[in-house]
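> Predicted structure and sequence below. I'll ask about it afterward.
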Amino acid sequence: WLKRSSEPCCSPASIRTMSSKVIFNAGMTCEGCSGAITRILKKVPGVEDINCDLEPEKVEDRTVTVTGAGLDADDMLAKLEKWAAAAGKTVSLKSKE
């Protein structure tokens with residue numbers, strides 16, 4: 001006999017919100033940094049376009065804008081945090097839509 005559980009199959013805590021546009025603040029200092037970020041994010045399912053903005057004078061104001069379908073901002077942030085730790089850089093989630 002199979003026992004049915006009264007628990008829902010997916011708890012709210014395990015459901016992630018998917019986005020179509022995610023923006024990160026990234027401590028990119030050069031095109032090598034933006035290239036590394038682009039290579040990392042290209043491997044993420046749903047990513048269609050990545051724009052690394054190196055123009056702002058202050059490093060902390062530089063952004064990475066990712067667009068696509070069903071983007072998991074938390075997954076991308078975890079991947080970028082791993083890069084940031086290895087490269088001695090900073091990264092944070094700025095916004096998601």
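That came through fine.
> check contacts around the spatially most central residue of the chain.
The central residue of the chain, meaning the one whose C-alpha is nearest the mean C-alpha position (C-alpha atoms, centre = their mean), is Met76 at 2.7 Å. With contacts taken as C-beta atoms under 8 Å, 6 or more residues apart in numbering, Met76 has the following neighbours: Val22, Phe24, Leu41, Val44, Val66. (C-beta placed from N, C-alpha, C; glycine too.)
> pretty sure the last one belongs to a helix, no?
It refers to Val66. No: the secondary structure assignment for Val66 gives strand rather than a helix, going by DSSP: H, G, I helix; E, B strand; the rest coil.
> Can you tell me the element the closest residue to it other than its chain neighbours falls in?
Taking C-beta to C-beta, 6 or more residues apart in numbering as the measure, Val66 lies nearest to Val22, with 4.8 Å between them; neighbours along the chain are not counted. Secondary structure here is read from DSSP states H and E; on that basis Val22 sits in strand 19-26.
> Which residues belonging to that strand are considered buried?
The neighbour-count check on strand 19-26 (16 or more other C-beta atoms under 10 Å) flags Ser19, Val22, Ile23, Phe24, Asn25, Ala26 as buried.
> ok, the first one touching Glu97?
What it means is Ser19. Yes: counting by C-beta atoms under 8 Å, Ser19 does reach Glu97; the two are 5.8 Å apart.
> Name all residues that make contact with Glu31.
Under the criterion of C-beta under 8 Å, 6+ apart, the neighbours of Glu31 are Leu54.
> Quick one, grab the pLDDT at it.
For Glu31, the pLDDT comes out at 95.
> Return the distance of it relative to Val44.
Note on Glu31: its distance to Val44, by C-beta to C-beta, to the nearest Å, is 21 Å.
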